[in-house]
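S.K.: I would like to see how this sequence folds:
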Amino acid sequence: MSTFLLEIVTPERQVYSEQVESLNVRGVEGELGILAGHIPMVTPLQIAPLSIKRGGKTDILAVNGGFVEIRKDKVVILAESAERPTEIDVERAKAARERAEVRLQSKQDDFDHRRAEMALQKAINRLNVAGK
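M.R.: Numbering: from 1, shown residues only. Below you'll find the predicted structure:
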């Protein structure tokens, strides 16, 4: 099977750089499966896990927004944050989920409500990827 270079970069560090067989991400328009030779494009990403197939195994990472740029022989994900399951602090993610749920139940302006919704999505994404 053909492969392509996948790089996942956050403002803090390069999280991933490997030759992979396929990638599944959730863009703003829905799920996107990427194989070698995919047409070039750029699309924003949702807060969601991404799935990487490489060498007969699948890796899952928690990606919290950003963009995916698909080139001829390379895919670059510029993410706000990206974490492997082993990097996720489960207790911290649970606490963040609880704080966001409390904030969503209180009366607040639209901006604060949207921030609480995003915090909840990020916490749930991390917990799902960590398997908790």
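S.K.: buried sites along stretch 30-41?
M.R.: Going by neighbour count (16 or more other Cβ atoms under 10 Å), the buried part of stretch 30-41 is Leu32, Ile34, Ala36, His38. All C-beta atoms are positioned from the backbone trio N, CA, C, and that covers glycine.
S.K.: Of those residues, just say which sits nearest to Val129.
M.R.: Nearest to Val129 out of these is Leu32 (Cβ to Cβ; 18.0 Å).
S.K.: how near is the closest one to Ser22?
M.R.: Distance of Leu32 to Ser22, computed by Cβ to Cβ, to the nearest Å: 11 Å.
S.K.: Next: Glu80.
M.R.: Between Glu80 and Ser22 the distance, using Cβ to Cβ, works out to 23 Å.
S.K.: same thing with Leu35?
M.R.: Distance of Leu35 to Ser22, given as Cβ to Cβ: 5 Å.
S.K.: Same question for Thr58.
M.R.: For Thr58 relative to Ser22 (Cβ to Cβ), the value is 9 Å.
S.K.: joint contacts of these two?
M.R.: Ile52 (Cβ atoms under 8 Å, 6 or more residues apart in numbering).
S.K.: So between these two, which is more surrounded?
M.R.: Set side by side, Thr58 and Ser22 show more neighbours around Ser22, with 19 against 12, by other Cβ atoms under 10 Å.
S.K.: Identify the residue nearest the geometric centre of the chain.
M.R.: Centroid check for the chain by Cα atoms, centre = their mean gives Val63 as the closest residue, at 1.6 Å.
S.K.: Could you check how far that residue is from Arg26?
M.R.: Using Cβ to Cβ, Val63 is found at 9 Å from Arg26.
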